[in-house]
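K.L.:
my questions concern the predicted model and sequence given below.
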Amino acid sequence: MIVSEILEAEDLKLVLRAGGDEGRLRRAITWCAPTEHIDPAPFLSVNALLLTTGMGMNIRDQRTWDAYVERLNAVPISALAFGVGSAHRELPAGLLQACESYGVPLLEVPAEVPFIRVMRYVEQTLAAERYSVLRRGWEMADACARLAAVGGTLGEMVEHIAHEASARVAVVDRDGFELLSSGPLLRGKGKRSRTLLRMPGGEDDTFRLLVEVPGAEELLQPLLGPVAAVLAMQLAHTLGGKAPLHSVEAARLVDALYAPAAPSEAELAELAREAGFDSTAPWCIVIVRALDHTTKERLRAVAWRIRVGLARTLSAVRFVESPGVTTILAQGQADERGLLEAATELLGQAAGIAVAVKIADEAADLPLLLRIAARSARTPGVHRAPAIDLSGILESLPDMALASLSRRLLEPLGDEAGSALRKTLESYLRHAGSTAAVCEELFIHRNTLAYRIRRLEELLGADLSDGEVRASLLLALKFLAA
């Protein structure tokens, strides 16, 4: 209900006497406040229709009228309804002047119209509006529930809500990132209502429904409250369900790429085609890994955010989940630096998540680069995966006799991978022979380290100061650990 509507009520016979600005006449009325207090502002809330007869307001000083209206305008009230015939035969000239000055709508209530009639009209109109809004809200919620029942997506639900509410609607995660949105983006300085509704759900990840409506204030909370609950259930199903979120075709492609035996060129081309890719085009690889105690739901929310963001600029985006890791494959106009910057922006401040990105120029490079990227996603934040690593080199070697040779080379150290000598060798090779680094890692004295190095050289029959020997031993350790 707005001010201009109450003026149209014939049985109230209200007359607009001042403050007739179109913007103020479209201001909402949310309740009636009858009062004869000389300063009611401390007891009012926004958008009240103030009713008064002016009893005790025999004011002659214009400054007092100005102060009275100024405080009401600061609340602000929607309008001031002044009843004539009891305390004042006509509207005080000072009040008229003050309302005109501050743009506060001043309505004259005739003597034959009691305030109770005005209050009853406002209350009945507001009750009817609230009922209409609640009914529309539940109708939208019912429509969204029906969409979910037939396999509708969250995006389709958001589009339906935006259309029915004539608003811009977005699902926002706890970091403020808009995962899904529909409706025109409201720009400029024009007045608009903006409401954030918390979507009920778990405490690990909170989502909100952002709604923006141009023009007058709307009853967005009761309108969209039921819808927010339905969206929250669908979101919880999407992020917490046991069913994989990827397509069967994408799963087949990624499973084949991670398999020990890489697919043939023909097999890879066919799997890529079925998943919606072009096997001759470059590939974007994005690995999203949960670290520490990050939950599956949190990983899914962040991976979903990255996937949605990449889909805005890349032509094909597919993703596959495995325990603790989401693999995203995409194609489009992107280089490695651009992909790194995009993933960094999309990740934002999300803690407990590691992301590795890489570009594969050819389909033949994809299996190896995918595994390298998955291994490199171990520290928080976004990182560029290396072009090659030792494990990658070993994975690319077809001669399985290396396993037997590596095992015999390290056999003098014993079968236990956690033995002191083997741990010392691994640390010594990993730190390129740095005495300080090895002692700090193993928490041993440098004399102890010197003794162990001599013992290793005796058992292995090798000179650990030789670079080629160190490289061979490191490869053997990596091969046995693979």
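P.N.:
Received the coordinates, thanks. Numbers count the residues shown, from 1 in each chain.

K.L.:
any regions of the stretch 251-400 of the chain where pLDDT drops low?
P.N.:
389-400 (pLDDT under 70).

K.L.:
and the helices in it?
P.N.:
The residue ranges that make up the helices of the stretch 251-400 of the chain, judged by DSSP state H, counting those that start in this stretch, are 265-274, 296-311, 336-347, 366-376, 390-396.

K.L.:
quick check: buried residues in the longest one?
P.N.:
Of the residues in helix 296-311, those buried by neighbour count under the rule 16 or more other C-beta atoms under 10 Å are 297-310. No exception for glycine: its C-beta is placed from N, CA and C like everyone else's.

K.L.:
Glu336 against Ala360, yeah?
P.N.:
No: in terms of C-beta atoms under 8 Å, Glu336 does not count as a neighbour of Ala360; the distance is 10.1 Å.

K.L.:
comparing the two, which residue is more hemmed in?
P.N.:
More neighbours sit around Ala360 than around the other of Glu336 and Ala360, counting by other C-beta atoms under 10 Å; the figures are 19 against 16.

K.L.:
pLDDT at Ala216, what is it?
P.N.:
For Ala216, the model assigns a pLDDT of 47.

K.L.:
follow-up on the earlier one: could I get the buried residues of helix 296-311 as JSON lines with distance to Arg27?
P.N.:
Listed next are the buried residues of helix 296-311 as JSON lines, based on distance: C-beta to C-beta, whole Å:
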{"residue": "Glu297", "distance to Arg27": "43"}
{"residue": "Arg298", "distance to Arg27": "43"}
{"residue": "Leu299", "distance to Arg27": "47"}
{"residue": "Arg300", "distance to Arg27": "44"}
{"residue": "Ala301", "distance to Arg27": "40"}
{"residue": "Val302", "distance to Arg27": "42"}
{"residue": "Ala303", "distance to Arg27": "45"}
{"residue": "Trp304", "distance to Arg27": "41"}
{"residue": "Arg305", "distance to Arg27": "39"}
{"residue": "Ile306", "distance to Arg27": "43"}
{"residue": "Arg307", "distance to Arg27": "43"}
{"residue": "Val308", "distance to Arg27": "38"}
{"residue": "Gly309", "distance to Arg27": "39"}
{"residue": "Leu310", "distance to Arg27": "44"}
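
K.L.:
closest to Leu480 out of these?
P.N.:
Leu299 (31.0 Å; C-beta to C-beta).

K.L.:
run through the residues that contact that closest one.
P.N.:
For Leu299, the set of contacting residues under the criterion of C-beta atoms under 8 Å, 6 or more residues apart in numbering consists of Val288, Arg289, Ala290, Gly324, Thr326, Ile353.

K.L.:
how many neighbours does the last one have?
P.N.:
Read that as Ile353. For Ile353, the neighbour count with other C-beta under 10 Å is 24.

K.L.:
domain map for this protein?
P.N.:
Following automatic domain parsing, one finds the domains of the chain at 3-113, 130-240, 248-396, 401-481.

K.L.:
and Arg120, which of the ones you listed is closest to it?
P.N.:
Distances from Arg120 to each of these were compared by C-beta to C-beta, and the smallest falls on domain 3-113, at 9.3 Å.

K.L.:
run the chain-centre distance for that closest one.
P.N.:
45 Å (C-alpha atoms, centre = their mean, to the nearest Å).

K.L.:
before we move on, what about stretch 427-445?
P.N.:
Per C-alpha atoms, centre = their mean, the displacement of stretch 427-445 from the mean C-alpha position of its chain is 43 Å.

K.L.:
only C-alpha atoms, please: export it in CSV.
P.N.:
Taking only C-alpha atoms (Å, rounded to 0.1, in the frame of the first residue of the first chain), the coordinates of stretch 427-445 have been written out as CSV:
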residue,chain,number,x,y,z
SER,A,427,65.9,-36.6,2.8
TYR,A,428,69.5,-36.2,1.6
LEU,A,429,68.5,-36.5,-2.1
ARG,A,430,65.4,-34.3,-1.7
HIS,A,431,67.4,-31.5,-0.1
ALA,A,432,70.3,-31.8,-2.7
GLY,A,433,72.8,-32.8,0.0
SER,A,434,72.1,-29.9,2.3
THR,A,435,73.4,-31.0,5.8
ALA,A,436,71.4,-28.3,7.6
ALA,A,437,68.1,-29.1,5.9
VAL,A,438,68.5,-32.8,6.4
CYS,A,439,69.4,-32.5,10.1
GLU,A,440,66.5,-30.1,10.7
GLU,A,441,64.0,-32.4,9.0
LEU,A,442,65.2,-35.6,10.7
PHE,A,443,66.1,-33.9,14.0
ILE,A,444,69.5,-35.5,14.1
HIS,A,445,73.1,-34.1,14.8
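
K.L.:
what residues of it count as buried?
P.N.:
In stretch 427-445, residues buried by neighbour count (16+ other C-beta under 10 Å) are Ser427, Tyr428, Leu429, Val438, Cys439, Glu441, Leu442, Ile444.

K.L.:
farthest pair in these?
P.N.:
Leu429 and Ile444 (16.1 Å).

K.L.:
returning to that earlier point: can I get the domains of the chain in a markdown table with distance to Tyr121?
P.N.:
As requested, those are arranged in a markdown table below (distance: least, C-beta to C-beta, whole Å):
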| stretch | distance to Tyr121 |
| --- | --- |
| domain 3-113 | 6 |
| domain 130-240 | 15 |
| domain 248-396 | 48 |
| domain 401-481 | 81 |
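
K.L.:
out of those, nearest to Met119?
P.N.:
Of all the domains of the chain, domain 3-113 comes closest under C-beta to C-beta, at 4.6 Å.

K.L.:
got the end-to-end distance for that closest one?
P.N.:
According to C-alpha to C-alpha, to the nearest Å, domain 3-113 extends 18 Å from its N-terminal end residue to its C-terminal end residue.

K.L.:
so for it, mean pLDDT?
P.N.:
For domain 3-113, mean pLDDT rounds to 89.

K.L.:
could you shift the numbering so residue one becomes 42, and keep it that way?
P.N.:
With 42 as the first residue, the last one maps to domain 44-154.

K.L.:
Leu515 should be in a helix, yeah?
P.N.:
Yes: assignment of Leu515 by DSSP: H, G, I helix; E, B strand; the rest coil places it within a helix.
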